[in-house]
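J.: My questions concern the predicted model and sequence given below.
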Amino acid sequence: MFCTKCGKEIQEGQSFCNHCGQNQSPSGTPFVPQSTAGTGDVVSKLSSKIKIEAYIWLGVAAAQVLIGLGSVIMGLIYLIEWGEGFSNILSGILIWVIAVLNVKTALGDLKYSKEILTKPTGIVAKYEPVKSLIITLVYNVVVGGFVGVAGAVFGFIVRDFVMKNKEAFKKVESEYTNK
């Protein structure tokens with residue numbers, strides 16, 4: 001048996017890890033494969049990468065909210081002063097819509113980063129297609145400006161990690177479904 005936190009080997013049925021003190025009770029503890037040393041670590045690493053991606057998306061969304069606010073304010077000033085500026089206002093609102101989509105992505109990533117620790121299934125199937133990453137990159141560049149590139153690029157980094165460790169993830173999923 002292995003510790004659910006540090007991954008060190010502990011005696012079967014032991015309540016706490018001798019190395020880090022983590023409670024080993026079965027409810028809500030992360031799944032760690034028993035037969036293959038190191039494969040559970042790949043799931044933990046992925047979870048960490050997904051959390052980082054989520055925080056990047058939150059930062060991108062915050063920047064987009066500020067950029068959108070600036071655009072709306074400039075549009076209102078132009079509208080009041082010169083009778084034009086509606087396109088700036090519309091642009092700002094569109095940037096806010098993209099920011100909302102990015103917050104939704106971030107919240108989904110945070111939820112998924114926890115889920116895979118207790119139910120490591122479908123990881124490769126989720127990350128294998130590249131279409132959604134490309135769409136996210138395009139709408140962030142076209143509408144949200146280059147600030148959105150950071151989140152999309154990190155999304156490709158996370159996907160690359162999964163693809164490089166494809167066999168380990170398949171093995172973890174197999175062990176989880178057969179337990």
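T.: Now that the structure is in, tell me what you want to look at. Numbers count the residues shown, from 1 in each chain.
J.: the strands in the protein, which residues?
T.: Taking DSSP state E to define them, one finds no strands in the chain.
J.: Show me how far the helix or strand of it with the lowest mean pLDDT is from its chain's centre.
T.: Ranked by mean pLDDT, DSSP states H and E, the weakest helix or strand in the chain is helix 131-142, scoring a mean of 85. Centre-to-centre, helix 131-142 and its host chain are 15 Å apart (Cα atoms, centre = their mean, to the nearest Å).
J.: cool, stretch 91-98 as well?
T.: 22 Å.
J.: Quick check: L101 vs F146, distance?
T.: Noted for L101: a distance of 17 Å to F146, by Cβ to Cβ, to the nearest Å. Every residue, glycine included, has its C-beta placed from N, CA and C.
J.: of the two, who's got more company?
T.: L101 (19 against 8; other Cβ atoms under 10 Å).
J.: what's the closest non-adjacent residue to that one?
T.: Of all residues not flanking L101 in the chain, Y139 sits nearest, at 7.7 Å (Cβ to Cβ, 6 or more residues apart in numbering).
J.: cool, and N165?
T.: Distances taken as Cβ to Cβ, 6+ apart put V42 closest to N165, at 5.0 Å, once the chain neighbours are dropped.
J.: mind checking pLDDT for the one you found?
T.: Per-residue pLDDT puts V42 at 90.
J.: Wait, it touches F169, no?
T.: Yes. Using Cβ atoms under 8 Å, V42 is in contact with F169, at 6.6 Å.
J.: mean confidence for stretch 166-177?
T.: Mean predicted lDDT for stretch 166-177 stands at 87.
J.: May I have it as CSV, with CA atoms only?
T.: Extracted in CSV, the C-alpha atoms of stretch 166-177 (Å, rounded to 0.1, in the frame of the first residue of the first chain):
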residue,chain,number,x,y,z
LYS,A,166,-0.3,8.3,-22.4
GLU,A,167,0.6,4.7,-21.4
ALA,A,168,1.0,5.6,-17.7
PHE,A,169,-2.5,7.2,-17.7
LYS,A,170,-4.0,4.3,-19.5
LYS,A,171,-2.4,1.9,-16.9
VAL,A,172,-3.7,4.1,-14.0
GLU,A,173,-7.2,4.1,-15.6
SER,A,174,-7.1,0.3,-16.1
GLU,A,175,-6.0,-0.3,-12.5
TYR,A,176,-8.7,2.1,-11.2
THR,A,177,-11.5,0.4,-13.2
